[in-house]
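In: Give me a model of this one.
(chains A and B)
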2 protein chains.
Amino acid sequence: MRKFLLLSCICFGLYTVANAQEADSLAFRRIADDILTNGQAYGNLRILCKQIGPRLSGSPQMVRAEKETFRMMKEMGADTVYLQDTKVPHWVRGEKETAWIAGSNGSKMPLRICALGNSMGTGTKGIKAKVVEVHSFDELDALGEKGIKGRIVYFNVRFNPTHVVTTQGYFETTQYRWTGASKAARYGAVGTVIRSLSSSIDDYPHTGGMGYNDSFPKVPAVAISTRDGDLLSDELQRNNSAELYFRTTCTTLPDAIGHNVVAELRGSEFPNEVITIGGHLDSWDLAEGAHDDGAGCVQTMELIRVFRKLGIRPKRTIRVVLFTDEENRGSGSNRYTAFAKAENKHHILAIESDAGGFTPRGFSLVADADKLARLRSWMPLFIPYGVYAFEIGSAGADVESLRALGATVGELMPDSQRYFDHHHAANDKFEEVNKRELELGAINMANLVYMVDKYGL
Amino acid sequence: MRKFLLLSCICFGLYTVANAQEADSLAFRRIADDILTNGQAYGNLRILCKQIGPRLSGSPQMVRAEKETFRMMKEMGADTVYLQDTKVPHWVRGEKETAWIAGSNGSKMPLRICALGNSMGTGTKGIKAKVVEVHSFDELDALGEKGIKGRIVYFNVRFNPTHVVTTQGYFETTQYRWTGASKAARYGAVGTVIRSLSSSIDDYPHTGGMGYNDSFPKVPAVAISTRDGDLLSDELQRNNSAELYFRTTCTTLPDAIGHNVVAELRGSEFPNEVITIGGHLDSWDLAEGAHDDGAGCVQTMELIRVFRKLGIRPKRTIRVVLFTDEENRGSGSNRYTAFAKAENKHHILAIESDAGGFTPRGFSLVADADKLARLRSWMPLFIPYGVYAFEIGSAGADVESLRALGATVGELMPDSQRYFDHHHAANDKFEEVNKRELELGAINMANLVYMVDKYGL
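Out: Alright, predicted model coming up:
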């Protein structure tokens, strides 16, 4: 691109906004200008990722992240900041995992793997067995005990690349991570490997939560990088009695205490109407948790800073909640939901940002038809900032249970193409977040809250 | 993000499409599915970037790129592939540039710079002079000969961060790159430095075209990385008589011969109506030219592959044009426009992809109102693939002159947030392109051509 002269102004989607919305349009512009010029989200993300690092529930970094974000939101000028304690799981990975498969030429071919979160370890000697590769639970069931017993099951299930929104590929394959170990152990498998839940081909194994069904034996469960998963599959084609060895020393310790970090801007007119926005402060241990979900934390904290800076005094109570333990048991969400239920206020909106700090495209919502229509009537205001869709869909995992309290719940939907390249893997790091993309997410969250605070919902 | 169950289907913007468009919707889906599953754009980009590398006009890599893409489009099944020769500039960078400023403590502080394309060199001894920092041409004019003579002018002009579309920031600042040297030399400057035209703060100097006004002396012109540009500015604050040294050995050789590479699918019903899509094959010498504009080349070539694969037989003639020398003199564009004028066919649409292989958002167009309305009536078909705007704006630099022949002209508008982080710099490399984002651009280009071919414009 060489272009020299500004022949014409490109104002994507800068539709004519009704006069009645002109003041809102100006407010959006002020919020955006300030965040794009003076925003602290990117700098705060650097602190979470580089000074603190991985923030798995139960880890010392979890505690540091709680303290740091408490301080940040105080300094930003929240009316109050408080902690909500809850028991959180405390799983530790132990030593770096090793794995290899006996190559067809007798070699040991090393493979990049990682233990899945909550998995039991193999013990220090590791396990070694022949491998059965399957592509679905149907294939597993068809093989049954005869085909599975004594073997390691390799769930080689790819993302369907034809989904334009990659989240759909993830939704279709997470079942293998969460329940694959018990389903295989039911037929006598001695361990399981899943193809990493990723839309790209690379060398990063992706961890993530799994659980055991108490009705079946517990067996160690790991993920393999997509590239090595393809190698493993190729090797099994050549030699279907090849043996796989892997070793994990992960273990589960007694529960620890974690905290939601909650900041409030108190409503001046309707303090009993509550708008909640937030992200989750925990991350997996392999990752800096930049996109998942440091981004959501720093984007939503930014609302406090920019409202204070611009003198926007909310009518309703706005809460920024940094949830603990989203990745594992959801105890932070449970704690906040119980709190919200008990306080007997009216929760009108709860939105999470937990799909990465990528350029925003819309909001996914669980909403009544009239409320959705109302939100959509505001769309022209959002289009200049890249948001063009308010769609019925899913809500952030930490806020969806507030639906039962009558709130409209949802989540920011950034562009999804790159998210699963990084999700739960060592390459989910600060360098992979673009400052402006992150800021545009913060802007759209703040603008949505601005409107719902001003007009109700 | 942890989510386990697919509670609801997220289909962003999957609006109900009128029945009349159902067949088109299915065609879009087939094109998208095939590109997302079997696409060759990413692999072809790897060849352009990693096997060939920087493709500056006049370089041996320019010639290799012409041969390789000729072969690719032949193999994809184009009815015909041909070359259009033209004289192209042949500027060479010479040795790696060096620069330093005398620090306030007497040290030599090294700075990352690069010569601007077409600039003269300093000679092997380099130049050394005091520096005047300005932030606009108005400041330069106010200083005049008295303030400028014998000095190096540093144009420290930042992108305005409040533009949501970063291209606007670029349009506002390119004048300093193109014309800054002559405007400063008019007042007796001995050299110029521009702040790199980038929206991020990093260590990459960004090159790009400049030109001299023959009425004034020629002086060497370089760009400095944004981070070092800030250091330079800080140092000048401390010591405004600090001297800057820089050395460049670039030079301009006699013109070389370059070629547009043109592939055609001949129209079965209206072969004299022509749809042109393309990108430019040349890149700056510092970069692999992944986003600028290997992406546009491989995206548009992909149309030939997918139309052939799916048996889509165009009614109108479709041309994929890989333009030579976009970055410098625009000779490839001139050559094609002259050809198009002479052949006396009816050019109905000409679209370039030259804004990076990022996730697409829309098309920017120069179009009559009725044609814009027609294109917009197709919008619901595009929304599921991420395109939600057909806007009046700019056209690709290589195709805009086809407007004079009556064509609707335009360009693919991908998300702009990251483009200028990489533009004309060493970090515009293959690794910075996401396979799926690249493919979504190819899909939307192919789908637009599918519609205009089927229904005319």
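In: I figured A:A355 hits A:Y419, correct?
Out: Yes - if you go by C-beta atoms under 8 Å, A:A355 and A:Y419 touch, sitting 6.1 Å apart. Glycine gets a C-beta too; all of them are placed from N, C-alpha and C.
In: Find the closest residue to chain B in the stretch 251-400 of chain A.
Out: A:G393 (3.8 Å; C-beta to the nearest C-beta).
In: Quick check: nearest residue in space to that residue, chain neighbours excluded?
Out: Counting by C-beta to C-beta, 6 or more residues apart in numbering or on different chains, A:S364 is the residue found nearest to A:G393 once chain neighbours are left out, at 3.4 Å.
In: So the one you found: helix, strand or coil?
Out: strand (DSSP: H, G, I helix; E, B strand; the rest coil).
In: what sits against it?
Out: A:E391, A:I392, A:G393, A:S394, A:A395, A:G410, A:E411, A:M413, B:I10, B:F12 (C-beta atoms under 8 Å, 6 or more residues apart in numbering or on different chains).
In: Spit out the contact partners of the nearest residue to A:G396 once chain neighbours are set aside.
Out: Nearest residue to A:G396, sequence neighbours excluded (C-beta to C-beta, 6+ apart): A:E352, at 2.4 Å. Contact analysis of A:E352 by C-beta under 8 Å, 6+ apart lists A:277-280, A:296, A:395-399, A:410-412.
In: For A:S268, see how far away A:E352 is.
Out: Per C-beta to C-beta, to the nearest Å, A:E352 is found 25 Å from A:S268.
In: I'd assumed A:L365 was in contact with the residue of the stretch 251-400 of chain A closest to chain B.
Out: Yes - using C-beta under 8 Å, A:G393 is in contact with A:L365, at 6.7 Å.
In: any shared contact partners between the two?
Out: A:G410.
In: okay, the contacts of A:S364 in CSV with pLDDT, secondary structure and neighbour count next?
Out: Putting those into CSV (pLDDT from 0 to 100; DSSP: H, G, I helix; E, B strand; the rest coil; neighbours: other C-beta atoms under 10 Å in any protein chain shown) gives the following:
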residue, pLDDT, secondary structure, neighbour count
A:E391, 96, strand, 22
A:I392, 97, strand, 15
A:G393, 96, coil, 22
A:S394, 94, coil, 24
A:A395, 97, coil, 27
A:G410, 98, strand, 29
A:E411, 98, strand, 30
A:M413, 98, strand, 28
B:I10, 39, coil, 21
B:F12, 44, coil, 21
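In: Show me which residues of the stretch 51-200 of chain A are close to chain B?
Out: A:161-162, A:164-168, A:170-172, A:174-175, A:178, A:199-200 (C-beta under 8 Å from any C-beta of the partner chain).
In: Now A:E139. Its backbone dihedrals?
Out: phi -60, psi -40 (degrees, to the nearest 10).
In: Count residues in the vicinity of it, would you?
Out: When counting by other C-beta atoms under 10 Å in any protein chain shown, one arrives at 16 neighbours for A:E139.
In: ok, it to chain B distance?
Out: 20 Å (C-beta to the nearest C-beta, to the nearest Å).
In: per-residue pLDDT, the closest residue to A:N239 other than its chain neighbours?
Out: Nearest non-adjacent residue to A:N239, counting by C-beta to C-beta, 6+ apart: A:S104, 4.4 Å away. You'll see A:S104 listed with a pLDDT of 75.
In: again, but for A:P60
Out: On pLDDT, A:P60 comes in at 98.
In: ok, it - how many residues close by?
Out: 10.
In: Who does the spatially closest residue to A:T69 that is not a sequence neighbour form a beta bridge with?
Out: The shortest distance from A:T69 to any non-neighbouring residue, by C-beta to C-beta, 6+ apart, is to A:V261 (5.0 Å). Counting by DSSP bridges, A:V261 is bridged to A:L83, A:L322.
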